[in-house]
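Please find the sequence and the predicted model below.
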Amino acid sequence: MTFASINPATGGPVWSGPAASPAEIDDAVARARAAFRPWSRRPLEERIAILRAFAARLSARKAELADQISREIGKPLWEALTEVQSMVGKVELSIEAHARRCADFTGGPAITRFRPHGVVAVFGPFNFPGHLPNGHLVPALLAGNTALFKPSELAPGVAELTRACWREAGLPEDALIVLQGGRETGEHLARHAGIDGLFFTGGSRAGQALAELFARRPGKILALELGGNNPLVAWHPFQIEAAAVAIVQSAYLGAGQRCTCARRLILPSGLAGDDLLRRLLALLASLRVGPPTDRPEPFLGPLVSAAAAERVLAAQEALLAGGATALAACRRLGPALLTPGLIDVTALRERPDEEIFGPLLQVVRVPDFDAALAEANRTAYGLAAGLLCDDPELYSKFRDEIRAGVVNWNQQLTGASGAAPFGGLGASGNHRPSGYFAADYCSHPVASIEIPRLALPAQLPPGLQL
């Protein structure tokens with residue numbers, strides 16, 4: 001079956017090609033299995049050299065990759081370029097993480113070594129079609145695994161360009177195999193008996209289905225990085241202008257299609273919260289919204305598809321019908337292009353605990369900081385949370401009580417360090433954070449007690465006589 005990716009800004013095709021059939025997936029698994037032993041037995045220094053050559057190829061083709069990301073996903077070019085740079089930076093961070101977290105170590109006569117799992121599947125999302133799967137693939141290949149990469153069907157062209165960079169870097173052909181396709185391709189690969197693990201970045205519903213599938217397969221490793229209904233608390237910040245900018249960057253970067261985007265803005269009741277809202281609304285009105293080809297470049301581009309935009313508008317309509325108040329409603333400027341939305345949901349008796357994946361931020365007003373903390377934790381998710389506040393004691397309380405894997409203070413929620421773990425709790429993950437800690441799930445420890453010369457023990461146990 002042939003499918004195509006569509007430019008969300010123009011509606012025109014970007015890439016087209018066949019989806020992998022079940023027989024082709026079976027063949028790919030067998031090829032990756034055959035490639036595993038020679039790849040894993042290559043000296044670590046040789047694998048590192050290929051990774052560094054890959055980073056060099058990414059840098060050389062940065063403009064081409066960024067253009068592909070922009071055309072397939074709708075990101076402004078400035079944002080797509082930062083994604084490619086993150087892909088480049090991931091290589092050295094992965095080498096460092098592998099050296100620090102997976103180095104052989106001894107304790108008395110015992111030695112611990114780390115081995116790759118074998119053949120791993122990597123499922124990539126559309127919102128960072130280069131950077132996020134790269135965050136699994138680089139450490140997995142470094143550890144000695146071979147990989148089967150199923151990219152998002154919305155961004156197949158980015159995956160093909162990435163594969164080309166790997167080939168140019170000297171990676172053996174079957175060490176990384178790209179399997180294009182949609183849900184059927186992913187399901188067949190996920191259920192395949194020949195894989196040793198699966199690393200997934202995507203929605204919570206799909207992650208839950210994978211968790212249920214792998215619960216019956218304890219011998220295979222599963223790493224999940226899912227979404228979040230992320231809270232951002234702004235509590236009497238001294239710099240209202242800086243707070244408004246941080247809120248905009250937290251909620252609307254990537255057209256609100258980052259998994260760490262703020263979904264709920266929690267503010268104090270009263271004048272302080274009112275002042276911040278006024279400044280925020282003024283800033284939203286000044287944002288440039290448009291297709292990536294606009295000059296000067298927009299801050300906010302289109303969502304990945306017209307269907308994605310429709311889902312955001314439908315979620316907004318449901319909230320408004322339930323009693324929310326539109327402060328600045330999302331409006332459609334094109335099939336996939338929305339203005340940033342800000343709605344007050346304080347009056348809703350039952351606020352849905354859902355990840356609305358787009359540029360729609362919900363405001364909740366509360367009377368005190370304890371109520372703000374309770375509201376922030378009122379979610380089954382636990383990916384990211386942030387506090388904009390100048391009081392270190394309040395931050396200490398927030399940091400200790402908030403349930404999230406990424407907790408920021410006076411920093412946009414969409415800011416995460418590649419030198420730190422990245423992942424969430426509850427419906428946001430399964431305690432296998434990626435980022436710097438991806439090294440932890442790309443190999444497994446093997447403990448040995450090794451004595452070069454066999455000898456009788458100094459003392460035999462009771463009941464054992466020679």
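Alright, I've got the coordinates. Residues are numbered from 1 along each chain as shown.

do you know how far residue 45 is from residue 90?
Distance, residue 45 to residue 90, by C-beta to C-beta, to the nearest Å: 19 Å. C-betas here are computed from N, CA, C, even on glycine.

between those two, which one's more packed in?
Using other C-beta atoms under 10 Å as the criterion, residue 45 and residue 90 rank with residue 90 on top: 27 against 7.

The one helix or strand that one maps to packs against which elements?
Using DSSP states H and E, residue 90 falls within helix 77-101. Under the contact criterion of 3 or more C-beta pairs under 8 Å, 6 or more residues apart in numbering; DSSP states H and E, helix 77-101 touches helix 44-60, helix 62-73, helix 131-143, helix 438-441.

Point out the most buried one among these.
Stretch with highest mean neighbour count among the helices and strands packed on helix 77-101: helix 131-143 (a mean of 26; mean count of other C-beta atoms under 10 Å).

and the closest residue to residue 56 other than its chain neighbours, what does it touch?
Spatial nearest neighbour of residue 56, excluding adjacent residues (C-beta to C-beta, 6 or more residues apart in numbering): residue 169 at 7.4 Å. By C-beta atoms under 8 Å, 6 or more residues apart in numbering, the contact set of residue 169 is 50, 51, 53, 54, 56, 57.

do you know how far residue 169 is from residue 139?
16 Å.

got it, and residue 201?
Counting by C-beta to C-beta, the gap from residue 201 to residue 139 is 14 Å.

in this protein, which helix or strand is least confident?
strand 105-107 (a mean of 88; mean pLDDT, DSSP states H and E).

What lies in contact with the helix or strand just after that one?
With elements assigned by DSSP H and E, the helix or strand that comes after strand 105-107 is strand 110-116. For strand 110-116, contacts defined as C-beta under 8 Å, 6+ apart pick out 36, 40, 102-106, 140, 143-145, 442-450.

Now which of those would you call buried?
36, 40, 102, 140, 143, 144, 145, 442, 443, 444 (16 or more other C-beta atoms under 10 Å).

Show me what counts as buried in the helix or strand where residue 186 lies.
Using DSSP H and E, the element containing residue 186 is helix 183-190. Buried residues in helix 183-190, defined by neighbour count with 16+ other C-beta under 10 Å: 185, 186, 188, 189, 190.

which residues of the stretch 201-350 of the chain fall in helices?
Assigned by DSSP state H, counting those that start in this stretch, the helices in the stretch 201-350 of the chain fall at 204-215, 240-252, 271-286, 306-321.

so which of these comes closest to residue 125?
helix 204-215 (9.8 Å; C-beta to C-beta).

helices or strands next to that closest one in the packing?
Helix 204-215 packs on strand 197-201, strand 221-225, going by 3+ C-beta pairs under 8 Å, 6+ apart.

rerun at 10 Å
strand 119-123, helix 183-190, strand 197-201, strand 221-225 (3 or more C-beta pairs under 10 Å, 6 or more residues apart in numbering; DSSP states H and E).

could those be laid out in CSV, adding mean pLDDT and distance to residue 233?
Converted to CSV, the helices and strands packed on helix 204-215 look like this (pLDDT from 0 to 100; distance: least, C-beta to C-beta, whole Å):
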stretch, mean pLDDT, distance to residue 233
strand 119-123, 98, 32
helix 183-190, 97, 36
strand 197-201, 98, 26
strand 221-225, 97, 23
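
between those, which one is nearest to residue 301?
strand 197-201 (20.7 Å).

Direction included, what does that closest one pair against?
Using DSSP bridges, strand 197-201 pairs in its sheet with strand 119-123 (parallel), strand 221-225 (parallel).

Rebuild these as CSV, extending it with mean neighbour count and distance to residue 407.
Compiled in CSV, the strands paired with strand 197-201 are given as follows (neighbours: other C-beta atoms under 10 Å; distance: least, C-beta to C-beta, whole Å):
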stretch, mean neighbour count, distance to residue 407
strand 119-123, 27, 27
strand 221-225, 24, 16
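
how about JSON lines for those, with distance to residue 346 added?
As requested, the strands paired with strand 197-201 are exported to JSON lines (distance: least, C-beta to C-beta, whole Å):
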{"stretch": "strand 119-123", "distance to residue 346": "37"}
{"stretch": "strand 221-225", "distance to residue 346": "31"}
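
Excluding sequence neighbours, find me the nearest residue to residue 203.
residue 227 (5.8 Å).

give me the number of residues near the one you found?
Neighbour tally, residue 227, other C-beta under 10 Å: 29.

cool, residue 107 as well?
With other C-beta under 10 Å as criterion, residue 107 counts 8.

tell me which residues form a beta bridge with it?
residue 110.

so how far is residue 447 from it?
Residue 107 is 9 Å from residue 447, by C-beta to C-beta.

Specify the stretch among the helices and strands packed on helix 204-215 that is closest to residue 276.
Among these, strand 221-225 sits nearest to residue 276 (C-beta to C-beta), with 31.1 Å.

Same list as before, the helices of the stretch 201-350 of the chain that is, but in a markdown table and with mean neighbour count included.
What follows is those, written out as a markdown table (neighbours: other C-beta atoms under 10 Å):
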| stretch | mean neighbour count |
| --- | --- |
| helix 204-215 | 16 |
| helix 240-252 | 21 |
| helix 271-286 | 15 |
| helix 306-321 | 17 |
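
Redo the ones you listed as a markdown table? Include mean pLDDT.
Below are the helices of the stretch 201-350 of the chain laid out as a markdown table (pLDDT from 0 to 100):
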| stretch | mean pLDDT |
| --- | --- |
| helix 204-215 | 95 |
| helix 240-252 | 97 |
| helix 271-286 | 96 |
| helix 306-321 | 98 |
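
Quick one, which of these gets closest to residue 62.
Evaluated over the helices of the stretch 201-350 of the chain, closeness to residue 62 peaks at helix 240-252, with 22.9 Å, by C-beta to C-beta.

now the closest one: how far from the chain's centre is it?
Put simply, helix 240-252 sits 21 Å off its chain's centre (C-alpha atoms, centre = their mean, to the nearest Å).

Next, the angle helix 271-286 makes with that helix.
60 degrees (axes from the mean of the first three to the mean of the last three C-alpha atoms, to 10 degrees).

on contacts alone, who are the packing partners of helix 240-252?
Contacting helix 240-252 under the criterion 3+ C-beta pairs under 10 Å, 6+ apart are the following elements: strand 230-234, strand 262-268, helix 271-286, strand 341-344, strand 360-366, strand 384-388.
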